[in-house]
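*Asks:* Generate a structure from the sequence data that follows.
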Amino acid sequence: MVENFKDLQRITVTADDPETVLRLTSVMVPKMRLQNALTEIQSSNAESTAGQENNCDNNLITEKITSGYYEGQDISRPTNVSKCSHGGLVDSSREKGTLTGGINKESASRKLSPHHKLHEVAAEYAVEATKQFFENLRATVGDKIFARFLNLQAVRTLALVIDDTGSMGEEIKSVKKLSKNFVKETKNLVGNTAFMYILVPFNDPRVGPVTATSDANEVIQAVDSLEANKGGDCPEQGMTGLYKALLQSVQDSVIHYFSDADVKDFELAQVVLILAKQKRVKINFILSGRCRFSRWRRSTREEPRLGSQDLFRGLAAATGGQVLKTKKNKVSVLVDIIGSKSYATENSDLAEVILLCVSSESKQDEKDTPFMIDVDNTLEDVLIVLSAEGDPGITLFNPTDDKPLQTAIYSQFDHIHVTEVTNFQGGQLMIRVRCTGPYSLQVTGRSVLDFTYQLSSIENLERGERKQLLGSPVKGQTLLLTLAFTKPELIEEVNLLSLINSTGTVMESFTIKKGQEIHSDSLHVLFTPSFKRFRFQLIGKTMEGFSLRRIKPTEIKIEAVRMDFNYRTLNSSTRINPGVTTKIPLKIINLGNSENFTLKAMDDLGFTQTVEPRDCFVAENDTAEFSLILKAPADATTGETTTVTVYALSASSDSPSNYMVFYVNVKEIENIFQPKCEVAGSQIATCDSVYHLSNCSIITWNSSFNVFSPGKELLTVTSKYPELGRLDVGPFEKGMFNTSVSGVYTSTCCHPTASIFAVDQNGNTAVCVLSAVTPIINIKPNIKFTELNVLVGIKSKFEFNITNLGTKNSFSLQVSNSEYCIGYVTPININMDHKEVVRCKVVLIGSKKTGSRKTNLVVDAIPLAADINATDIRLLEMDVIVKAQTPKISLRWNVTADLDHIPYLIIHYEDEEELLFQVKNHGQAGTFNLTASRSNNVQLWFVPNPVNLSNNETKVLKLIMTTKQNRPSEEDIEVSALPNWSSKRIKLFSKKVQVIPALRSLVPSGEVVMGKGAIVSVIFTIINVGRQQQFTLKVSCPGSLTCHVSPDEVVLKPNESILADLTMESSTTMEQNTIEVKVMARPTSAKNNTAGYLIFTLETTVKNDIIVKETKAEEKMGFITILIVILSCIVLVALCLLVMCCFRRKRGSWTVWKTKSKQQKQRVKVELSTTGDHADKSEMV
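*Replies:* Residues are numbered from 1 along each chain as shown. Predicted coordinates for the structure are as follows:
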């Protein structure tokens, strides 16, 4: 969402319909003033006399609009007019002059904020005024532009920056396919999802044309005109291409950069980095080549210039992107991956989210370096991209069993490994990385749940003054991070904001807090970072109980220098006149060591002339002032906006010490000649007799008017509701001035009034109100009750309808307050046509109890038309009773006695277990939905559910549980209640649940080998580990086998076992094969649709050349047989050695070595000799 009027202008001046833009501008400024006026009128609480600082009741000044002046600010509080102080203990101006106290809304303390009781009402009024402003804005510009302006539509973005020189043919072909598929798939989505497409081709010296559009035809036209041009020289204007793409990019988007060359325009690198960080844009570099160092020619083999390579890596690391180096014939694979992130989904709300963002500049080898991620239930899939200098590899593990997961490898190149996980059910996932560094690892997913943030600086903690950061934070600065979520209803809680470094390590964490009162739905973090570089990581939990983890990839850097506007002399200086030189006063504050700084600035429209002075010395804790000189061309268009980047370079570093980015827009010298619209002649009340009847369409009316524009050119003459009548204007051409234009409006008496708008080039608007009826005020309310109960300190609301039975008129609604309650009514102002019905809402807050008495609530409608003589219209009047505040709604639980002593619940497979428990409501009556925590093993539901509970009512509820699978498990199940009016779950109880399978089996072997026509018998044991039941045994085998199990029916008591026999017979014609035979058991008491559960699976192999004997479970002869064979072999070897030792061979003959008894044994040398070519070459044995 845009944050100020300058952003609005920037967006709308590029709209397709300039008429709508100017109408938007003309409506927005006065409505902004209305919003501010209403806020100040309802909350202004200046003290009227001295000495009343502690008693400021009933002294509101509601007829004026004023600011709250603070002692010590640049502008002091005027003394000659009634102006208010900011107030509070730290504002000494609160005691000066006749108006003491203050109008701040900083606290709930009377001393700090005298009218603290009105803060919530004032805030509610501001909200309602803002709503009304946006409703009027929407009616003026139309739904399409309004939705785009506030980012209300799901916007998909695809931003491409591509080198279009002659060597980029493959890349351009892939980009064309990607772009056309992006448009096609986005258009096919339900709800006509909006998209933003950005294309910037570049070479040297040309960059562009820039395409930034949401029109499908323009995308196709731009893509078709993209082609590889001649020119093989290097390098190219890559940074200029990125700069132009960043100017068009929306916040939190991605840019993909394609090139096979180095960059030439290094001087723009700093500005590219600044804009990317300011808009939080991630940049991915897809590089398919490089320039040779010696002769500046393209190459796909030699190493690139070190400067360009470092630049790409640095930009990618700072923005959270990656450098993906690949061969040209592999670019299409990477483009397909980009496409899968950009459009490959039927859900328009799905967007890319970051789960892990890691990089390392180390050149060492990574060997199974582990990283953990949390996969929550909102993620559709997970994509893991590892980019490394060499040999990238990834292995995924489920931490619970430490076993590798089966995944789909998208692609694996020399420098890139891409893996996709689509079948993971959620939970933690471990990634082990192998590669040669440097490397970068990024894990993304597609989800409907993500967060965005706004980072502000706290200028004064006591007063709560904050300011949006225009650059990087500075050291020691207190920061406020405000969070917003895309689907907050999917979140149960958010716990921590962590600051993580480039390796993903958490350096420090801060607790996320909820806002108070009217900001109770907001989340924020107030913190002072201790580390110089970090990224934001959010940790929480989804409503399904999964851990939630999201990362914002943009790196935040803490600096020692701050840049800002010099507010002492600044006076609307970000708006400049065409052809006039303008100075914008700025300042630089140095919180670090004394330094010499060089100041630089540029903007995209070339308005920047220079910076004065360009160089300055700033001592430690000192401030220096400088000016930015701008000049727009004399023919610059009003509303034209340029993005200005100002940054400071220190003498000791090449990177910016800090920067600021802001918008400067062109304004026209004030036009004192406004357009005029006048009704021609007198208006005749043609429709008085029929406008309120059903046959009102039988009579038509018309009215003439004249429009005159003495100043700027006249752009449009339109009616507010074109579908209700016909408008004829002529002769009329856009750009006419100093001339009159006549028009005639015609309609039926069903619509007896109309408004004509004339808008000139500056957005000045003239209005004619046409009417065919006599002005009549007649408003009828529709309300069904006459008495209202309100609690002290609690906001109460009720709604009612009002119908305009008179002619078209404008009204202001007003509530009369009393000492017992204060309140307001919305909408504040109403413009009602005849028979129009408007829904109104009254909000009341009790101040003190009325006791036995009643107070009176009165709502009046005050006509705003000056030409109608009518008094205020009483819409409703009712009695109000203010009571003391009752306890907040809560749901308590009481568990029956027989459940308290049970440590855990046991569920048998195929059985339904029921648990009775009581709940008692100690709060107000309501409806509660009962839920249980997510389980992979147990299915749970409640009877009844939901449950209606009155105050102090107790009900017995039933929790029914069944198992999902026949395997033992144990887990904690948490039961909660969710009130219909709240998203906060109330925990009732938690119990350990143990799942016990019904049967176990003991099988001697998991596989059997048999021959053709053979019969095999397998004896197995069945053990009943559950309760006593009767089971039917069945066997499942293919038709080529004849299988039978006996007994086929058995009754087993708990822990009883029985032997069973599985007999299998193969046919003589059966082919050699391996098949599975399954033995199943089904309780006879189970439901008919229950398939039973598996006892065991036996892998059976049929071979052609073996004879298979019967196998019995109790036989243990196999081990003995093996042992006998081994012993026999040992004895045989020993005998052979003994025989060899008894003989010797001499030159081909054997001689027995004889020994005599009682003679000591002697060593014998045995020589082996051979005959033939190698005779007489003896060898020692």
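*Asks:* mind listing the helices for the chain?
*Replies:* Assigned helices in the chain, in chain order: 5-12, 18-43, 119-141, 143-149, 169-187, 216-224, 238-248, 269-279, 306-319, 331-342, 897-900, 1117-1141 (criterion: DSSP state H).
*Asks:* Please list all residues in contact with the nearest residue to Leu449 once chain neighbours are set aside.
*Replies:* If the residues on either side of it in the chain are set aside, Leu449 comes closest to Thr378, at 4.4 Å by C-beta to C-beta, 6 or more residues apart in numbering. C-beta: built from backbone N, CA, C; applies to glycine. Residues in contact with Thr378 (C-beta atoms under 8 Å, 6 or more residues apart in numbering) are 447-449, 487, 490, 542.
*Asks:* mind giving me the domain split of the protein?
*Replies:* 18-36+52-149, 153-292+308-345, 449-557, 561-666, 676-771, 779-883, 895-996, 999-1103 (the TED database).
*Asks:* Columns mean pLDDT, distance to His417 and mean neighbour count on top of those, output as a markdown table?
*Replies:* Compiled in a markdown table, the domains of the chain are given as follows (pLDDT from 0 to 100; distance: least, C-beta to C-beta, whole Å; neighbours: other C-beta atoms under 10 Å):
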| stretch | mean pLDDT | distance to His417 | mean neighbour count |
| --- | --- | --- | --- |
| domain 18-36+52-149 | 63 | 39 | 17 |
| domain 153-292+308-345 | 83 | 11 | 20 |
| domain 449-557 | 86 | 18 | 16 |
| domain 561-666 | 87 | 31 | 17 |
| domain 676-771 | 84 | 56 | 17 |
| domain 779-883 | 80 | 56 | 16 |
| domain 895-996 | 75 | 30 | 15 |
| domain 999-1103 | 80 | 35 | 15 |
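*Asks:* Which one, of these, ends up nearest to Gln428?
*Replies:* Gln428 lies closest to domain 449-557 among those, at 7.5 Å (C-beta to C-beta).
*Asks:* Pick out the residue closest to the middle of the chain.
*Replies:* The centre of the chain sits closest to Asp450, judged by C-alpha atoms, centre = their mean, with a distance of 2.0 Å.
*Asks:* I figured that one hits Leu350, correct?
*Replies:* No - taking C-beta atoms under 8 Å as the definition, Asp450 is not a contact partner of Leu350, at 10.0 Å.
*Asks:* and Ile373, what are its bridge partners?
*Replies:* Beta bridges link Ile373 to Leu429, judged by DSSP bridges.
*Asks:* check contacts around it.
*Replies:* Neighbouring residues of Ile373 by C-beta under 8 Å, 6+ apart: 355-356, 382, 428-429, 431, 443, 549.
*Asks:* Check the gap between it and Thr444 for me.
*Replies:* 10 Å (C-beta to C-beta, to the nearest Å).
*Asks:* tell me, what's touching those two both at once?
*Replies:* Each of 355, 382 lies in contact with both Ile373 and Thr444 under the rule C-beta under 8 Å, 6+ apart.
*Asks:* Give me the residues contacting stretch 817-829.
*Replies:* With contact meaning C-beta under 8 Å, 6+ apart, stretch 817-829 is reached by 38, 42, 117-118, 121, 124-125, 128-129, 131-132, 790, 810-815, 838, 840-850, 855-857, 859, 864, 880, 882.
*Asks:* With only the CA atoms kept, save it in CSV.
*Replies:* Provided in CSV are the C-alpha atoms of stretch 817-829 (Å, rounded to 0.1, in the frame of the first residue of the first chain):
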residue,chain,number,x,y,z
ASN,A,817,-23.4,12.6,24.6
SER,A,818,-24.1,12.7,28.4
GLU,A,819,-22.1,12.3,31.6
TYR,A,820,-23.0,8.6,31.6
CYS,A,821,-21.8,7.6,28.1
ILE,A,822,-20.0,9.0,25.1
GLY,A,823,-20.3,7.9,21.5
TYR,A,824,-20.6,8.6,17.8
VAL,A,825,-22.5,7.6,14.7
THR,A,826,-21.2,6.5,11.3
PRO,A,827,-21.2,7.4,8.5
ILE,A,828,-20.5,11.0,9.6
ASN,A,829,-21.8,12.6,6.4
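*Asks:* So what's the gap between that stretch and the chain middle?
*Replies:* In terms of C-alpha atoms, centre = their mean, to the nearest Å, the centre of stretch 817-829 is found 38 Å from the chain centre.
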